[in-house]
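*Asks:* 3D model of this:
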Amino acid sequence: AISGITNKLLNLTTSNYQDYQDTLQEIIYENKNLANQCNVDIDDLIGDFIIENLENEQYENLNQSISIVSKGEFFTAHILNRYLNQQGTKSCFISSLDVIKSNLENESFYNKGEFSVCKQKIISALLENDVVVIPGFSGRTPEGNCCLLGRGGSDTTGSIIASAVNAMLYEIWTDVNGIYTSDPRKIYETQINNLIDYKAAQEVAAMGAKVIHPYCILPCAIKSIPIHIKNTFEPNANTTVIYNCTNSNNVYAVTIQDNVKVFKISSLNMWNNYGFVYDIFSVFKENNVDINIISTSQFNITTTT
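*Replies:* Numbering: from 1, shown residues only. Down below sits the predicted model:
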């Protein structure tokens, strides 16, 4: 989706009516502006994907709210598909709701189920087209409701499709060259990791690198499909490939996290005692505190949140 659109769609599920109308017009304007830059017409989509689905004061139903938030990806996918066809590339649009399936119904905003791909429809479309355009971020539940893969879900959508069709390569086009040895905005002489192992890339992504979503790595890792990170604004730049490889130094990157809190918990009762660690971390769970790193000894537990 266009930058900021998903957040605006989230606002539509909670705003009062006046805010709703203002936000709705902003979403329409930004998508039409992008379409105009690409010299494609999307007037016929405005009614289908915005007005028809969103013209209500508020949505309190979870499934309706999820459907609203998924719309940003559908707009940009349609714009891309029409642009490609206009440029002479034979392209077709396939809704992610038709090919991405979850095994669970929605119990929260982001679906907690396992996602699978109905690959035959994709393969059939590729036999007749040069390109198949599929929106990311959403799929369908067993009862036919729209569901969301979570923020960063577009990366994950591409990864599970690549795995399902046994792709030779999965490319993620973004606005940076790849995974650096540290944050180039803060650390002098930071270098790009040309090759990085799947597990290391997943850890670096989870620990603060915003290049890719951690969940998108495993589907490709299972099939040993290389993941190429490519810079949209510098297509020929030196970039990162995530694959099975070995780093002789065993250090890929130093990540920086803000607002980290350290808890050091010491007790003689910890030694040869059952359930002590469980009791400690139950407190964090009850208070919805996310645990990051844990280090233990016989009498001490140190953890960061």
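
*Asks:* Give me the neighbour count for the spatially closest residue to Gln86 that is not a sequence neighbour.
*Replies:* Closest residue in space to Gln86, ignoring its immediate chain neighbours: Val40 at 6.0 Å, by Cβ to Cβ, 6 or more residues apart in numbering. Every C-beta, even on glycine, is put in place using the N, C-alpha and C of the backbone. Neighbour count for Val40, taken as other Cβ atoms under 10 Å: 18.

*Asks:* Find me the pLDDT at Val40, would you?
*Replies:* pLDDT recorded at Val40 is 94.

*Asks:* which residues does Ala221 contact?
*Replies:* By Cβ atoms under 8 Å, 6 or more residues apart in numbering, the residues touching Ala221 are 198-199.

*Asks:* hey, C-alpha coordinates of the helix or strand hosting it in CSV?
*Replies:* Using DSSP states H and E, Ala221 sits in helix 217-223. This file holds the C-alpha atoms of helix 217-223, laid out as CSV (Å, rounded to 0.1, in the frame of the first residue of the first chain):
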residue,chain,number,x,y,z
ILE,A,217,12.3,-15.8,5.9
LEU,A,218,11.2,-19.2,7.0
PRO,A,219,9.0,-20.2,4.0
CYS,A,220,12.0,-19.6,1.7
ALA,A,221,14.5,-21.2,4.1
ILE,A,222,12.5,-24.5,4.1
LYS,A,223,12.9,-24.7,0.3
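
*Asks:* List the buried residues in that helix.
*Replies:* Neighbour-count burial for helix 217-223, counted by 16 or more other Cβ atoms under 10 Å, picks out 217, 219-221.

*Asks:* what do you get for stretch 187-199?
*Replies:* 192-193, 195-198.

*Asks:* could I get these as a markdown table with secondary structure?
*Replies:* Shown next, in a markdown table, are those (DSSP: H, G, I helix; E, B strand; the rest coil):
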| residue | secondary structure |
| --- | --- |
| Ile192 | strand |
| Asn193 | coil |
| Leu195 | strand |
| Ile196 | strand |
| Asp197 | coil |
| Tyr198 | helix |
